[in-house]
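Novice: Requesting a structural model of the entry that follows:
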Amino acid sequence: MSQPLRIFLSLIGGLAIGIFWSSQSPEGAQDAAAVAQPIGTAWLNALRMTIVPLVVALLVTGIATAAEAARANKLAARAFVTFITILWTSAALGAFLTLGFLDLFPLAADPAAALRSTFATAAPAGDIPPFSEFLSAMIPTNPIAAAAEDAFLPLIVFTTAFAFAITRLPVEPRKQLVSFFQAIGDAMLVLIGWVLWLAPIGVGALAFMVGAQAGTAAFGALVHYILIVSAVGGVIWLLAYPLGVIGGRVSPQNFVRAALPAQAVAISTQSSLASLPATLKGAHMLHVPVASAGVVLPLAVAIFRATGPAMNIAVALYVAHVFGMELTPAQIAAGIAAAAITTMGSVSLPGSISFISSIAPIAIAMGVPIEPLALLVAVETLPDIMRTVGNVTMNLAVTTTVSNRAGVTSETEADALLD
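Specialist: Numbering: from 1, shown residues only. Predicted coordinates:
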């Protein structure tokens, strides 16, 4: 049985048992929920303890990989600039779309109140400075203290600058430092794998609490969450079509046909990497030179997740909505920055791992509680399909656009850009 299925079944089982027990013996269900709470909290804390070292390690290695590729040839450099532009645009659009969708289709008061009561011990992760102090607060005077205090946005700013500084070092010390952070990241992934092996216990305990206190309203809330977050990802996916058609100067019919095989693989595997051969075939159908597609597409799979910033910030904003938080412009700006930057450190990870490591920094940067993430990860399958389909479609659109804007129309021209 796959790990996502184990987690999902524990969610359904915990909710069902909690709802049934509450209907038969409300007092008994509340007593049992009091026992389940520390179990779920301990499991969540085990995940939280890996976030800072994992995010730092992945950011350093991700930026180092991207910078090395960009320095290697002009085509990769063009792709890298395009990736960064789209990631920031995705983050900003995700915030705008989520807030708009939640205004149009808010979560009903009863399910929201029930979920809030379930996570009654959750508290905002930290104080957010007023907007007048926002820019200065982004620069940490002590990055170690920022890590210890879960001040993620200053920590991310420092880590990003540090990672780019590493790329300027001579070859040997650069390789040593990148290898060091790679080892840290790998060790954290092993540790997270151990924690996730216990996920059915932790998620089951949290789901039991939700079922016992929220009742059947919990199901409606989770469906509402899935629809909102998936809709945000769907918009980013649809935007890939005009980008590919206009930027790549291809007909809409040809782009749709070229994208379909990769999308089919993405739906069945939920993996951009597994979709790479089909995406390469799609680029060939659009007459993108092999030398060009062979550079841009693997780089996109390695460091680019177009739907990531939008859907990640959507999750954090949804949690804020459940808790009735009125976010300030500074908090939203902090979330956009964290979403755009950390996406480069969430690549090539299983969905159950990247969900926590990608969204927790955004939530913490905005001062949004992260406790609900341990429950929401159990229903990530459907949103993750939307993430992957959107990503592979955008990868094809960017490859076509970058090749066209670079004036690459033949293998000879592509080879010239690789020099």
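Novice: what pLDDT, on average, does the biggest helix by length in the chain get?
Specialist: As assigned by DSSP state H, the longest helix anywhere in the chain is helix 74-104. Computed over helix 74-104, the mean pLDDT rounds to 91.
Novice: Pull out the buried residues from it.
Specialist: 75-80, 82-84, 86-99, 101-102 (16 or more other Cβ atoms under 10 Å). In short, each C-beta sits where N, CA and C put it, glycine included.
Novice: quick one: the helix or strand following that helix to chain centroid distance?
Specialist: Going down the chain from helix 74-104, the next helix or strand is helix 109-118, by DSSP states H and E. Relative to the centre of its chain, helix 109-118 is centred 25 Å away, using Cα atoms, centre = their mean, to the nearest Å.
Novice: what residues does helix 109-118 touch?
Specialist: The contact list for helix 109-118 (Cβ atoms under 8 Å, 6 or more residues apart in numbering) reads 209-210, 213-215, 217-218, 220-221, 224, 321-324, 372.
Novice: What subset of those is buried?
Specialist: 209-210, 213-215, 217-218, 220-221, 224, 321-323, 372.
Novice: What about the residues you listed, which are in helices?
Specialist: Those of those lying in helices (DSSP H): 209-210, 213-214, 217-218, 220-221, 224, 321-322.
Novice: Export these to TSV and append columns for distance to Ala330 and pLDDT.
Specialist: Converted to TSV, those look like this (distance: Cβ to Cβ, whole Å; pLDDT from 0 to 100):
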residue	distance to Ala330	pLDDT
Met209	32	80
Val210	31	77
Gln213	33	70
Ala214	32	68
Ala217	33	72
Ala218	32	75
Gly220	32	81
Ala221	28	83
His224	27	91
His321	18	92
Val322	21	89
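Novice: Of all pairs in these, which one is the farthest apart?
Specialist: Met209 and His321 (20.1 Å; Cβ to Cβ).
Novice: what stretches of the chain score poorly on pLDDT?
Specialist: The chain contains residues with pLDDT under 70 at 1-3, 69-73, 117-138, 214, 345-353, 406-419.
Novice: any chance you could map the strands in it?
Specialist: For the chain, no strands are identified by DSSP state E.
Novice: I'd like the buried ones among the contacts of helix 109-118 as CSV, with distance to Arg174 appended.
Specialist: Converted to CSV, the buried ones among the contacts of helix 109-118 look like this (distance: Cβ to Cβ, whole Å):
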residue, distance to Arg174
Met209, 48
Val210, 47
Gln213, 52
Ala214, 51
Gly215, 56
Ala217, 54
Ala218, 50
Gly220, 52
Ala221, 48
His224, 47
His321, 43
Val322, 44
Phe323, 43
Pro372, 40
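Novice: Which residue ranges of the stretch 251-400 of the chain form helices?
Specialist: Ranges of helices within the stretch 251-400 of the chain are 252-269, 276-285, 290-303, 307-322, 329-342, 351-366, 373-376, 381-405, based on DSSP state H, counting those that start in this stretch.
Novice: which stretch among the ones you listed comes nearest Val195?
Specialist: Between Val195 and these, the shortest gap by Cβ to Cβ is with helix 351-366, which sits at 9.4 Å.
Novice: Can I get the closest one in CSV, CA atoms only?
Specialist: C-alpha atoms of helix 351-366 as CSV (Å, rounded to 0.1, in the frame of the first residue of the first chain):
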residue,chain,number,x,y,z
GLY,A,351,4.1,15.1,-2.3
SER,A,352,3.7,14.1,1.4
ILE,A,353,7.2,15.5,2.1
SER,A,354,7.1,18.7,0.0
PHE,A,355,3.7,19.6,1.3
ILE,A,356,5.0,20.3,4.8
SER,A,357,8.4,21.6,3.9
SER,A,358,7.0,24.0,1.3
ILE,A,359,4.0,25.4,3.1
ALA,A,360,5.1,25.6,6.7
PRO,A,361,7.7,28.3,5.9
ILE,A,362,5.0,30.3,4.1
ALA,A,363,2.6,30.0,7.0
ILE,A,364,5.2,30.8,9.5
ALA,A,365,6.3,33.9,7.5
MET,A,366,2.7,35.1,7.6
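Novice: and that helix, what does it pack onto?
Specialist: helix 3-24, helix 51-72, helix 152-166, helix 171-197, helix 307-322, helix 329-342, helix 373-376, helix 381-405 (3 or more Cβ pairs under 8 Å, 6 or more residues apart in numbering; DSSP states H and E).
Novice: what do you get if the cut-off is 6 Å, keeping everything else the same?
Specialist: helix 51-72, helix 152-166, helix 307-322, helix 329-342 (3 or more Cβ pairs under 6 Å, 6 or more residues apart in numbering; DSSP states H and E).
Novice: Val288 - how many residues pack around it?
Specialist: 28 (other Cβ atoms under 10 Å).
Novice: Quick check on it: phi, psi?
Specialist: Phi and psi for Val288, reported as degrees, to the nearest 10, are phi -80, psi 130.
Novice: Tell me which of the helices of the stretch 251-400 of the chain approaches Ala163 most closely.
Specialist: Of all the helices of the stretch 251-400 of the chain, the one in closest proximity to Ala163, counting by Cβ to Cβ, is helix 329-342 (10.2 Å).
Novice: In terms of secondary structure, what does the closest one contact?
Specialist: By 3+ Cβ pairs under 6 Å, 6+ apart, helix 329-342 packs against helix 74-104, helix 152-166, helix 307-322, helix 351-366.
Novice: Show me what counts as buried in stretch 11-18.
Specialist: If you call a residue buried by 16+ other Cβ under 10 Å, then stretch 11-18 has these buried ones: 11, 13-15, 17-18.
Novice: Can you lay out these as TSV showing distance to Ala114?
Specialist: Converted to TSV, the buried residues of stretch 11-18 look like this (distance: Cβ to Cβ, whole Å):
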residue	distance to Ala114
Leu11	16
Gly13	19
Gly14	15
Leu15	12
Ile17	17
Gly18	11
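Novice: quick check, nearest of those residues to Leu276?
Specialist: Once Cβ to Cβ is applied, the member of the buried residues of stretch 11-18 that ends up nearest Leu276 is Leu11, at 31.1 Å.
Novice: residues touching the closest one, list them.
Specialist: Neighbouring residues of Leu11 by Cβ atoms under 6 Å, 6 or more residues apart in numbering: 203, 207, 378.
Novice: now the nearest residue to the second one once chain neighbours are set aside: how far from Pro298?
Specialist: This points to Ala207. Excluding the flanking residues, the one nearest Ala207 by Cβ to Cβ, 6 or more residues apart in numbering is Gly14, at 2.8 Å. Between Gly14 and Pro298 the distance is 40 Å, computed by Cβ to Cβ, to the nearest Å.
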